[in-house]
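A.B. asks: what shape does this take:
(chains A and B)
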Amino acid sequence: DVKVTQSSRYLVKRTGEKVFLECVQDMDHENMFWYRQDPGLGLRLIYFSYDVKMKEKGDIPEGYSVSREKKERFSLILESASTNQTSMYLCASSPGGETYNEQFFGPGTRLTVL
Amino acid sequence: AQSVTQLDSQVPVFEEAPVELRCNYSSSVSVYLFWYVQYPNQGLQLLLKYLSGSTLVESINGFEAEFNKSQTSFHLRKPSVHISDTAEYFCAVTGYSSASKIIFGSGTRLSIRP
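C.D. replies: I've put the predicted structure just below:
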């Protein structure tokens, strides 16, 4: 069974802290994605990666960075967390190649920044 | 660039009643279309997709969606809903040349009343 796991379901941090959100997939997928989900706004793409050590900005990259040192792992980093980064964060992966390939999602991390 | 509009943020229906969740898109290129479902406290799962061929596509749990190019719509329907269909539904679009980026709508929360 395909699987995307995220390191935490719930996380509470303080303003100014450095925050790491980890995502691991076991499907040998080339593509990995980080989204944030907010009520009424749907999913917005933060960053994505086509391959190891490759990364591209999505629609809302400000305040975030990413790291992909291994194919199966894609990390989202909040260098200095702020209250407006309180949100649900979803990681996804998909096979490389065609644009219509299904994205497989993790369960999400609900981050609260106080 | 593509965009997706889901006209209804919430749709309440009674159990065993029919339902339609509306989705309209805009794009200057040909598109692939998707419906994803998010059950409570879970990540998103692909429900169905339109790639080419028959404009009517079906899921294994009784949902169907019809691609209407002239009206740029991809509405989701089910003739008789169950309590277990309670979830948030996201319409999504990607262009043929979008290199794996998918644009999601803002979501429609389907609530089923007994």
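
A.B. asks: so the most centrally placed residue in chain A bridges to which residues?
C.D. replies: Residue closest to the average C-alpha location in chain A (C-alpha atoms, centre = their mean): residue A:34, at 2.7 Å. Residue A:34 has these beta-bridge partners by DSSP bridges: residue A:47, residue A:91.

A.B. asks: contacts only, for it.
C.D. replies: With contacts defined as C-beta atoms under 8 Å, 6 or more residues apart in numbering or on different chains, residue A:34 is in contact with A:21, A:23, A:45-48, A:58, A:64, A:66, A:74, A:76, A:89-91. (Glycine included, C-beta is placed from N, CA and C.)

A.B. asks: if you set the cut-off to 10 Å instead, what comes out?
C.D. replies: Contacts for residue A:34 were tallied using C-beta atoms under 10 Å, 6 or more residues apart in numbering or on different chains; they are A:21, A:23, A:44-49, A:55, A:58, A:61, A:64, A:66, A:74-76, A:89-92.

A.B. asks: assign the nearest residue to residue A:71 once chain neighbours are set aside to helix, strand or coil.
C.D. replies: Nearest non-adjacent residue to residue A:71, counting by C-beta to C-beta, 6 or more residues apart in numbering or on different chains: residue A:52, 5.3 Å away. When classified by DSSP: H, G, I helix; E, B strand; the rest coil, residue A:52 comes out as coil.

A.B. asks: tell me the confidence at residue A:52?
C.D. replies: Note for residue A:52: predicted pLDDT of 92.

A.B. asks: equivalent analysis for residue A:80, please.
C.D. replies: pLDDT, read off for residue A:80, is 96.

A.B. asks: verify the contact between it and residue A:15 for me.
C.D. replies: Yes. Contact criterion C-beta atoms under 10 Å: residue A:80 and residue A:15 qualify, at 8.0 Å.

A.B. asks: tell me which residue is most central in chain B.
C.D. replies: Geometric centre of chain B, nearest residue: residue B:35, 3.4 Å, by C-alpha atoms, centre = their mean.

A.B. asks: with that, I have no additional questions.
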